[in-house]
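Chemist: Provide a 3D model corresponding to the input given below.
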Amino acid sequence: MPWKTMDVQEQRVKFVLAAARQEKPFGGLCQQFGISRPTGYRWRERYQRGGLAAIAELSRRPHHSPQRTATELEQRVVEIRRRYPDWGARKLQVLLAREGKDLRRSTIHRILLRHDLVRDTDRHQLAMQRFERGAPNELWQMDFKSPKGWNAPIGPLSVLDDHSRYLLVLQAIWSTRAELVREQLESAFMSCGVPSAMLMDHGIPWWSTLAPSGATELTIWLMKQGIELHWSGRRHPQTQGKVERFHGELERALQLRGAPRKEPQSWLDAFRWEHNHVRPHEALGMQTPASRWQQSPRRYDPRPPAWEYPAGTKVRKVDSWGKLHAWGTTWNISKGLCGERVQLERIGDRVLVFYCRTLVRELDLTTHRSTAVERWVVEPGYE
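Modeler: You can find the predicted model right below:
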């Protein structure tokens, strides 16, 4: 058995035995056991003086600890941890600093250990490198939380800014009905402005498996606002990593703080405020989302004018059956786009069909096939 796999006492016993037997010159023996000559002499002398008990590992704990954290300060760490049981030492350190209390993260962690406030599940590996948009409102991520813990068919609706992690919507509508989602988005647009783009999964109500283009009334309404829409890859939730991570944060808080039995929206409103204005985020250099976010300069128009495509581009109107007539062929586009104008951009034997800023269809002039474009944003590093 190599000595490095032994416990400390076994290692010392073997060393003392080998030294007593003079199996090797003393210097070579110390080198074999990976210790210095003074340490080897000390072990031998301890054994000669007190036997096996004398060469056992001695506690390095000091008899007294003059630098141990003051009782009041330690109690404050415990109070904050119990207020935010899902927060780790790094985040608690930021909150304490805001109060003028300067503690090392390792000190906070030791306090939590002393008070049995660290669970095995709190010890997780660092996340992979993350990527984000360069400015607020370039991309909003939208998704429903799972119903776990909510006693409802669907969890809260979440809308998160990709750059700042600012939470724009956290609403318990308990339904995927498009009109309810639109109501929440309208409220967000009026108070926060309109984003350049939005990212969603292939779920109701922003994607339809029955429509040729996947478009729904909700997505068409969003496109009319000039919002470029993206959909995450199927079975690829990492594309929506930020909103997924937020949902993990929400679920941990729900487990540790207890699910709200009454007025769940009040609980969600308080949690949203905490997420935006109180909770320091490691991905933001321990800043809060509110410190990184600002309103979008694009204002919401409930009755937007007809979309103006760039001058010189080929524009056609979708008929009342959701079809388009071009290049001697009738193409299926989408019934949701009946009467709407689309832009056609030809690249070789293929044509890209845009509605407002969003790519909705690809036409193959060779095979005469019209294919829905499930366009998504894949963050670097997730390929």
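Chemist: Just give me the neighbour total for the residue lying closest to residue 286 once chain neighbours are set aside.
Modeler: Here the nearest residue to residue 286 in space, its sequence neighbours aside, is residue 280; by C-beta to C-beta, 6 or more residues apart in numbering that works out to 4.2 Å. (Glycine included, C-beta is placed from N, CA and C.) For residue 280, the tally of surrounding residues (other C-beta atoms under 10 Å) stands at 20.
Chemist: so what's residue 280 up against?
Modeler: By C-beta atoms under 8 Å, 6 or more residues apart in numbering, the contact list for residue 280 reads 90-91, 94-95, 286-288.
Chemist: if we go to 10 Å?
Modeler: Residue 280 makes contact with 87, 90-95, 97-98, 286-289, 291 under the criterion C-beta atoms under 10 Å, 6 or more residues apart in numbering.
Chemist: Turn the residues you listed into TSV, including secondary structure, neighbour count and pLDDT.
Modeler: Putting the contacts of residue 280 into TSV (DSSP: H, G, I helix; E, B strand; the rest coil; neighbours: other C-beta atoms under 10 Å; pLDDT from 0 to 100) gives the following:
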residue	secondary structure	neighbour count	pLDDT
87	coil	22	81
90	helix	13	82
91	helix	21	83
92	helix	23	84
93	helix	23	84
94	helix	18	85
95	helix	19	83
97	helix	13	84
98	helix	10	84
286	coil	14	87
287	strand	15	91
288	coil	20	93
289	helix	24	94
291	helix	15	94
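Chemist: and which of those is nearest to residue 143?
Modeler: residue 289 (16.9 Å; C-beta to C-beta).
Chemist: Quickly note the distance from the closest one to residue 246.
Modeler: Between residue 289 and residue 246 the computed distance is 10 Å (C-beta to C-beta, to the nearest Å).
Chemist: Which neighbours do the two have in common?
Modeler: By C-beta under 10 Å, 6+ apart, the residues touching both residue 289 and residue 246 are 160, 165, 167, 275.
Chemist: Can I get those in TSV including distance to residue 11?
Modeler: Formatted as TSV, these follow (distance: C-beta to C-beta, whole Å):
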residue	distance to residue 11
160	53
165	49
167	54
275	50
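Chemist: From those, which land in helices?
Modeler: Among these, the members falling in helices (DSSP state H) are residue 275.
Chemist: So which of the shared contacts of residue 289 and residue 246 are in strands?
Modeler: 160, 167 (DSSP state E).
Chemist: show me the contacts for the residue nearest to residue 151 when sequence neighbours are not counted.
Modeler: Spatial nearest neighbour of residue 151, excluding adjacent residues (C-beta to C-beta, 6+ apart): residue 259 at 7.7 Å. Residues near residue 259 by C-beta under 10 Å, 6+ apart: 148-151, 253, 267.
Chemist: re earlier: which one of the contacts of residue 280 is nearest to residue 340?
Modeler: The closest of the contacts of residue 280, once distances to residue 340 are taken by C-beta to C-beta, is residue 289, at 36.0 Å.
Chemist: one step back: gap between the residue nearest to residue 286 and residue 105?
Modeler: 12 Å.
Chemist: Give me the common contacts of the two.
Modeler: 90-94.
Chemist: Name the nearest of these relative to residue 331.
Modeler: residue 91 (53.4 Å).
Chemist: unless I'm mixing things up, the closest one is touching residue 286, no?
Modeler: Yes: here residue 91 reaches residue 286: they are 7.5 Å apart, a contact under C-beta atoms under 10 Å.
Chemist: Overlap in contacts, those two.
Modeler: In contact with both residue 91 and residue 286: 279-280, using C-beta under 10 Å, 6+ apart.
Chemist: From the contacts of residue 259, which land in helices?
Modeler: Among the contacts of residue 259, the ones falling in helices (DSSP H) are 253, 267.
Chemist: Just the buried residues of the contacts of residue 259.
Modeler: Buried members of the contacts of residue 259, scored by 16 or more other C-beta atoms under 10 Å, are 150, 253, 267.
Chemist: Stretch 359-373: which residues count as buried?
Modeler: So for stretch 359-373, counting by 16+ other C-beta under 10 Å, buried means 359-363, 370, 372-373.
Chemist: any idea which of those is least confident?
Modeler: Across those, the bottom pLDDT score, 67, is held by residue 373.
Chemist: Run through the helices of the stretch 151-300 of the chain in chain order.
Modeler: Here the stretch 151-300 of the chain has its helices, by DSSP state H, counting those that start in this stretch, at 178-192, 217-224, 241-257, 264-277, 289-292.
Chemist: For the first one, which residues meet the burial criterion?
Modeler: What that stands for is helix 178-192. Those would be 178, 181, 184-185, 188-189, 192, for helix 178-192 by 16+ other C-beta under 10 Å.
Chemist: Is it possible to get CSV of the buried ones among the contacts of residue 259 that adds distance to residue 229 and pLDDT?
Modeler: Formatted as CSV, the buried ones among the contacts of residue 259 follow (distance: C-beta to C-beta, whole Å; pLDDT from 0 to 100):
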residue, distance to residue 229, pLDDT
150, 27, 85
253, 30, 87
267, 31, 92
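Chemist: ok, of the residues you listed, which one's closest to residue 24?
Modeler: Of the buried ones among the contacts of residue 259, the one sitting nearest to residue 24 (C-beta to C-beta) turns out to be residue 253, at 60.1 Å.
Chemist: Hmm, residue 170 and that closest one touching each other?
Modeler: No: Residue 253 lies out of contact with residue 170 (C-beta under 10 Å); the separation is 11.7 Å.
Chemist: Overlap in contacts, these two.
Modeler: With C-beta under 10 Å, 6+ apart as the test, residue 253 and residue 170 both reach 271, 275.
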